[in-house]
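Engineer: make a model of this:
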Amino acid sequence: LFFGVLIVYIFQAQINLKKLNSFISVFMILFILLLCISVSAKTCALFSSPKFKRCKIYQGPKLDINDFDIYQKGAHDKLSELLRTHQKTHTYTCLWMAIADTDQETLDSLSLTLWYKSTSIKIKSRDCGQNDPNAWNREHIWAKSRGFPKKKSLAYRDLHHIRASDRSLNTWRSNRYFAEFSESEELMLKRNQECPQGCFRDKTYFEPPAWRKGDIARALLYMDLRYDGHPKDKTPDLQILVDYPDRVSKSRYWGGLCTLLNWHNEDPPDELENYRHSVIQEWQGNPNPFILKPRWADILYGSSCKKL
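Structural biologist: Below you'll find the predicted structure:
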């Protein structure tokens, strides 16, 4: 189109060099601007592209924990080892494809459900560096800065604690610990209006929507159980404490164990969480025992809170 306009202008100007030079200068500026825009605008690679060719689901035997004796001595460590030996690792790139499957809308295969908002978004609207605050990205429930900040860590790429989140809400939560505020505290706190029934925060803590609390608790308990410092995981021994570590801490500790156990018991696994869990097992192989066996959470961790 620009070249056509240039030819017409040359003809009408009757080779008026002054006008021609002026027009060519404007044309070149516009052309350079368009070129810069086209280069800077990033588009997401399709899941059918070579970039995702190696992203395959788990092909090994499914881990059955029904016969596991949770009351045996050393049950925590033995169960952790079982989960480790039945886990398929994926690249962080492949997680885009996996999450598009695990968090897919029930009635719309082209959309998924955002973690905190519980609203729908098109799968193609993922965050590919286009600086769109409304795109979706990968939310780590156990904040990756707290123990495993690098992609080489297996915990960084574990589907059991990664969800599709609105980019702006993911940033808004940052790496805050999950906690529960009183009603009087909530009146004094910042609340994200895009997040229904929850999403309060202060400098250290974040309270999620009520219907996500049980899911969050089970994801964090899984992380504590699964990652025990084994060298092959390239992840430290993750632990949930009764008390909260400092906000500035970048260590391997989480906090609020008793709050998480309450959330787990008050918001048990529902049909949707169980379905998503089955899809994760198709991709990753190992299960989250606290979804399949909810009582095990109190058996393994309840004694710490009963002493209070």
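
Engineer: only C-alpha atoms from now on, for both contacts and neighbour counts.
Structural biologist: Fine.

Engineer: tell me the centre residue of this structure?
Structural biologist: The centroid of the chain falls nearest to E139 when counting by C-alpha atoms, centre = their mean (2.3 Å).

Engineer: contact partners for it?
Structural biologist: I162, R163, A164, S165, N170 (C-alpha atoms under 8 Å, 6 or more residues apart in numbering).

Engineer: distance-wise, check it relative to R173.
Structural biologist: Taking C-alpha to C-alpha, to the nearest Å as the measure, E139 falls 10 Å from R173.

Engineer: what about the spatially closest residue to F206 that is not a sequence neighbour, how many neighbours?
Structural biologist: Nearest residue to F206, sequence neighbours excluded (C-alpha to C-alpha, 6 or more residues apart in numbering): F178, at 4.9 Å. Neighbours of F178 under the rule other C-alpha atoms under 10 Å: 24.

Engineer: could I get the contacting residues of F178?
Structural biologist: Y205, F206, E207, P208, G256.

Engineer: for it, give me phi and psi.
Structural biologist: phi -80, psi 140 (degrees, to the nearest 10).

Engineer: how close does it get to R276?
Structural biologist: With the distance defined as C-alpha to C-alpha, F178 ends up 22 Å from R276.

Engineer: can you check S174 too?
Structural biologist: Going from S174 to R276 by C-alpha to C-alpha gives 24 Å.

Engineer: give me the subset of the contacts of E139 that lies in strands.
Structural biologist: I162, R163, A164, S165 (DSSP state E).

Engineer: can you tell me, leaving aside adjacent residues, what's nearest to the second one?
Structural biologist: Just to be clear, that refers to R163. E139 (5.2 Å).

Engineer: so Q239 makes contact with L257?
Structural biologist: No - between Q239 and L257 there is no contact under C-alpha atoms under 8 Å: 9.6 Å.

Engineer: neighbour-wise, which of these two wins?
Structural biologist: More crowded of Q239 and L257, by other C-alpha under 10 Å: L257, with 23 against 20.
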